[in-house]
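Participant: Structure for this input, please:
(2 chains)
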Number of protein chains: 2
Amino acid sequence: MSAPSSAAQLDSSATVTIDLGVRSYDIAIGTGLIGRAATFAGLPRASQALIVSNATVAPLYAERVRAALAAHYPQVHLLALPDGEAFKTWETLQLIFDALLTHGCDRKTVLFALGGGVVGDMTGFAAASFMRGVPFVQIPTTLLAQVDSSVGGKTGINHPLGKNMVGAFYQPHRVVCDLETLQTLPPRELSAGLAEIIKYGPIADTDFLAWIEAQLSNLLAREPQALAHAVRRSCEIKAWVVAQDEREAGLRAILNFGHTFGHAIEAGMGYGAWLHGEAVGCGMVMAARLSAALGMVEAAFADRLVRLIAAAGLPVRGPLLDAGDNAGRYLELMRLDKKAQAGAITFVLIDGPGHAVMREAPEALVRSVIDACCAA
Amino acid sequence: MSAPSSAAQLDSSATVTIDLGVRSYDIAIGTGLIGRAATFAGLPRASQALIVSNATVAPLYAERVRAALAAHYPQVHLLALPDGEAFKTWETLQLIFDALLTHGCDRKTVLFALGGGVVGDMTGFAAASFMRGVPFVQIPTTLLAQVDSSVGGKTGINHPLGKNMVGAFYQPHRVVCDLETLQTLPPRELSAGLAEIIKYGPIADTDFLAWIEAQLSNLLAREPQALAHAVRRSCEIKAWVVAQDEREAGLRAILNFGHTFGHAIEAGMGYGAWLHGEAVGCGMVMAARLSAALGMVEAAFADRLVRLIAAAGLPVRGPLLDAGDNAGRYLELMRLDKKAQAGAITFVLIDGPGHAVMREAPEALVRSVIDACCAA
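Facilitator: As a prediction, the model looks like this:
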């Protein structure tokens, strides 16, 4: 597998075009984008726009976005949601519908999601559902959201019985990745974003994996050129996969490398205890170990990946989810995952460096990998 | 405008194929369909199916559907929602997600909507949103749902500030219109269904309008051959319109003839006080009168339409929504309608028999039409 690669130059601005056939949109990557009116030129016209953000991000960036949007929309409203995965619920989503209807917004109103993955997922689902669909723009302010949730059109909310159980596939009109917003990101969230960047290496691009290893200190230092390339290459790979499989019938599932174990960790710990990227980082350790245990990839490759995940500041040891049958609890939670079908768990596994496949695995082997990865 | 017509024979079974390009599906029309396993052959396979119905319809028909589905799905669950437009809310929708997750349903699970428009709209939106989309089948058991809400892919729920404000465009895999289920329909609901059937005459097909006038007594007597033709021709016209404009960018809006006034009546009276079809019937009277007042159609054509609406057992006199400025209240409610843009109300008006257009109208004229239609 080899996703087409952009020119290798390391500058700090780029545009990635996502072409899904029906509609294509651009991902603008650069520094200082959110404060410029030009960033938002050429979007659908409307009399009103609504910026949806959260209590943490809004005070930092909302006024800059509002000023830039004022050049294009007569009325620009702002809604700040409570911050955190725990609020990715219908009740919070309802606040968006309430705001839209209270302001008399119509089916041309454009929504702008300013924040991390939670804000993006909820605003995207609100845009998909409000009057059966209004335009929206993603302005992801976390590294995780810039490389992952802003590409691919997955939107949704959590249900008490499972994560992202209710949602829609709905594409934004544009994605604006401003690298400047990453400067205020807490270190834990920077690492969480690196988890999804690292992911693209083992599943699709070993050259990129080597580049991340070489540039890790620059990435951790938030050097704009390194961040720009990491975001651009991640978006390119994801876009290449999604363009071939928008509805997740097959290939797209490889993007879930580390996510089956990761979702079990998130669900078992309670959403929000671990960041999504942290759970995915640890989940990739388990998935890599399982791939090696199945003889699909050499143990040395799994070791290399685990070293990189640890160096990125991510957990590589799984949490104990049950004092008794810990592996059983992981399995139980993985069977509830929406990628499971009729109770069978399909794992994304590494079938040689840079190549991923979906397959089931013997339960005893899965148990032994979980036990080894969770050992003290 | 002339929608392609099926052969004019009056038998009591038919299949209308809806071709939306991306995916086509069939509307099966006949007597006794719901109890036959063959009715549900060829649908997506899954280990589980969920029938969503309501407290009124489930005791009458759910077991027959369950028995027919048992030939195709190892597990068939049933969920009966509370009955009525007042329950077309997120809280009720949540019951569907709860049932799906409690039963361990996966993204292949097929939903079957057994009931009227409320069940169909909610089940369709649940299918669109559960795990970002699972297949669903409409089994409309009211005349209104058979001719209207089962074609076109509009799904959704109400919001306290407006009807159908949250939803999705999502197409069913099949629609099964069993004319036998219409035999148990309360007379008021039969008339409500006739409102949407009558609607297709003035906007698209004057031959059909004349046919309805001639067959009205057979339709009111629930004669299967007459019902079959009315359902088939209505579905054909709707399908023809929707196929050209699935997302309601333009032409599709003509299907809302009578609905702008009708939604104001529903909202002003409180959802459920008048049936949707009753509000549309009365709304068509107002829209026809407004068309005549604008000189777009002869007063005699409006009179003819009003006579037919009254003969179908529908209200032709508008309710008083405000003891003071009644017309002002209608206007206020119509500006909240999601078809309004930036506060301007666009009406669907008759521009000659069998032809509809969208246009705005002078407020004074709209007020005088409302006053005349609501006078005691």
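Participant: what separates the lowest-mean-pLDDT helix or strand in chain A from the chain centre, distance-wise?
Facilitator: Ranked by mean pLDDT, DSSP states H and E, the weakest helix or strand in chain A is strand A:14-19, scoring a mean of 74. Relative to its parent chain, strand A:14-19 has a centroid offset of 17 Å by C-alpha atoms, centre = their mean, to the nearest Å.
Participant: Return the residues of chain A in contact with chain B.
Facilitator: A:47, A:90, A:94, A:97-98, A:101-102, A:104, A:106-108, A:128-133, A:154-156, A:159, A:161-162, A:164-169, A:247, A:335-336, A:338-343 (C-beta under 8 Å from any C-beta of the partner chain). C-betas here are computed from N, CA, C, even on glycine.
Participant: circling back: list the buried residues of the least confident helix or strand of chain A.
Facilitator: By neighbour count on 16 or more other C-beta atoms under 10 Å in any protein chain shown, the buried set for strand A:14-19 is A:14, A:16, A:18.
Participant: quick one, what contacts the last one?
Facilitator: Yep, that's A:I18 we're talking about. Residues in contact with A:I18, defined by C-beta atoms under 8 Å, 6 or more residues apart in numbering or on different chains, are A:24-27, A:151, A:171, A:175, A:235, A:239, A:242-243.
Participant: Report the buried members of these.
Facilitator: Going by neighbour count (16+ other C-beta under 10 Å), the contacts of A:I18 have A:25, A:27, A:151, A:171, A:175, A:235, A:239, A:242-243 buried.
Participant: Can you pick out the most distant pair from the residues you listed?
Facilitator: A:V175 and A:A243 (14.6 Å; C-beta to C-beta).
Participant: From the residues of chain A next to chain B, keep the buried residues only.
Facilitator: By neighbour count, with 16+ other C-beta under 10 Å, the residues of chain A next to chain B hold A:90, A:97, A:101, A:104, A:106-107, A:128-133, A:154-156, A:159, A:162, A:164-169, A:335-336, A:338-341 as buried.
Participant: per-domain residue ranges of chain A.
Facilitator: A:14-184, A:201-221+A:257-374 (automatic domain parsing).
Participant: now whatever helix or strand A:V280 lives in: mean pLDDT?
Facilitator: Per DSSP states H and E: A:V280 is located in helix A:276-293. Average pLDDT, helix A:276-293: 97.
Participant: Could you do stretch A:362-376 as well?
Facilitator: pLDDT averaged over stretch A:362-376 gives 93.
Participant: same thing with stretch A:84-100?
Facilitator: On average, stretch A:84-100 scores 94.
Participant: And stretch A:120-140, how far out from the chain middle?
Facilitator: With C-alpha atoms, centre = their mean, you get 16 Å for stretch A:120-140.
Participant: That one: end-to-end distance?
Facilitator: Its first and final residues considered, stretch A:120-140 spans 7 Å by C-alpha to C-alpha, to the nearest Å.
Participant: ok, A:S24 - contacts?
Facilitator: Contacts of A:S24 (C-beta under 8 Å, 6+ apart): A:17-18.
Participant: where's it relative to A:V16, distance?
Facilitator: To A:V16, A:S24 is 11 Å away according to C-beta to C-beta, to the nearest Å.
Participant: what do you get for A:A41?
Facilitator: 18 Å.
Participant: just A:S234 next, same as before
Facilitator: 10 Å.
Participant: same thing with A:L190?
Facilitator: A:L190 sits 21 Å away from A:V16, taking C-beta to C-beta as the criterion.
Participant: cool, and A:W90?
Facilitator: 32 Å.
Participant: Repeat that for A:I203.
Facilitator: The value you get for A:I203 to A:V16, if C-beta to C-beta is used, is 18 Å.
Participant: Just the element for A:Y25, please.
Facilitator: Going by DSSP H and E, A:Y25 is part of strand A:24-30.
Participant: let me redo that: A:R233
Facilitator: helix A:224-244.
Participant: Residues in contact with the helix or strand that that helix is followed by: which ones?
Facilitator: Moving toward the C-terminus from helix A:224-244, the next helix or strand (DSSP H and E) is helix A:259-269. Residues outside helix A:259-269 that contact it (C-beta under 8 Å, 6+ apart) are A:162-163, A:273-274, A:276, A:279-284, A:286-287, A:318-319, A:321-322, A:329-330, A:333-334, A:336-337, A:339, A:345-348, A:370.
Participant: Alpha carbons of helix A:259-269, as CSV, please.
Facilitator: Taking C-alpha atoms only, helix A:259-269 is exported to CSV below (Å, rounded to 0.1, in the frame of the first residue of the first chain):
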residue,chain,number,x,y,z
HIS,A,259,-8.8,1.5,18.2
THR,A,260,-10.5,-1.8,19.1
PHE,A,261,-8.3,-2.3,22.2
GLY,A,262,-8.4,1.5,22.7
HIS,A,263,-12.1,1.8,22.8
ALA,A,264,-12.2,-1.0,25.4
ILE,A,265,-9.8,1.0,27.5
GLU,A,266,-11.8,4.2,27.1
ALA,A,267,-15.1,2.4,27.9
GLY,A,268,-13.6,0.4,30.7
MET,A,269,-12.0,3.4,32.4
